[in-house]
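Student: What shape does this take:
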Amino acid sequence: MKVYTIFLYKTFLIKSVLILLLSLSLDLKSQRVLTVGGTNWTVTVPPITEAGSNYTGTYESATNQVLLGASVPLLLGNGKVSVQYQANPTWNSNLVLSARRTGNGTTPCVGCSITGGTSYITVPLATDIELFRITAVVALASYSNIPVQLQLSGVSVAIPAATYNSLLVFTIAAP
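Tutor: Here you go, the predicted model:
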């Protein structure tokens, strides 16, 4: 009878520890951090010098126009980095913003990975779209200086002359 009681006690103790570890893991998984740096991008559109000509239509920023820093907690944590834009205050719907990740940045993490986002992705108005993912396997995934390049397309003489502005919003969340 004593062996049976000790066996139940040990089983309960192990389950309690596993539940505690699972609770800690779930709590850590919700703690993702994203920082955004870089400079404003002003697109300079060259003047048209010949009648009947149009603009080239597509312009690219520097390959490191935006620099992101991201942290994803350990214990098989994941982070989905998304982007959207907001008209700020004026935008023309014929203009298309796109973004892509041009490098991995730097990380001291062994066994961490960053995937996706190396091809241009059209950034939607006021709706998040996934740009890339970060995975932490056995350690905190901490990346800095993840370079992002921007592209503007759809520039045309058919768009009324004005100053168009937008604001890019980057977020990180669980996939």
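Student: Strands along the protein, start to end?
Tutor: With strands called from DSSP state E, the chain shows them at 33-38, 58-60, 66-72, 78-87, 96-101, 113-115, 121-122, 129-135, 141-153, 166-173.
Student: Let me see the contact set for residue 69.
Tutor: Going by C-beta atoms under 8 Å, 6 or more residues apart in numbering, residue 69 touches 33, 34, 35, 36, 37, 105, 142, 143, 144, 145, 146. From N, CA and C alone the C-beta is placed, and that goes for glycine too.
Student: So for the chain, which residue is the most central one in space?
Tutor: Centroid-nearest residue in the chain: residue 81, 2.6 Å away (criterion: C-alpha atoms, centre = their mean).
Student: Tell me who's in contact with that one.
Tutor: Contact analysis of residue 81 by C-beta under 8 Å, 6+ apart lists 34, 68, 70, 117, 130, 131, 132, 133, 134, 170, 171, 172.
Student: what about residue 108, how many residues close to it?
Tutor: Around residue 108 there are 11 other residues, counting by other C-beta atoms under 10 Å.
Student: what's the answer for residue 93, then?
Tutor: 9.
Student: Next: the one 3 residues further on.
Tutor: Applying the criterion other C-beta under 10 Å, we find 16 residues in the vicinity of residue 96.
Student: Tell me who's in contact with residue 144.
Tutor: Applying C-beta under 8 Å, 6+ apart to residue 144 gives the contacts 67, 69, 105, 106, 107.
Student: Could you rerun that using 6 Å?
Tutor: 69, 105, 106 (C-beta atoms under 6 Å, 6 or more residues apart in numbering).
Student: Output these as a markdown table; include the columns pLDDT and distance to residue 97.
Tutor: Compiled in a markdown table, those are given as follows (pLDDT from 0 to 100; distance: C-beta to C-beta, whole Å):
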| residue | pLDDT | distance to residue 97 |
| --- | --- | --- |
| 69 | 93 | 22 |
| 105 | 94 | 22 |
| 106 | 91 | 26 |
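Student: Return the closest of the residues you listed with respect to residue 126.
Tutor: Lowest distance from residue 126 to those (C-beta to C-beta) belongs to residue 69, with 24.2 Å.
Student: Beta-bridge partners for the closest one, please?
Tutor: residue 35 (DSSP bridges).
Student: I'd like the distance from stretch 93-100 to the chain centre, please.
Tutor: Distance of stretch 93-100 from the chain centroid (C-alpha atoms, centre = their mean, to the nearest Å) equals 16 Å.
Student: List the contacts of that stretch.
Tutor: Under C-beta under 6 Å, 6+ apart, the answer for stretch 93-100 is 83, 85, 119-120, 122-123, 148-151, 153-154, 159.
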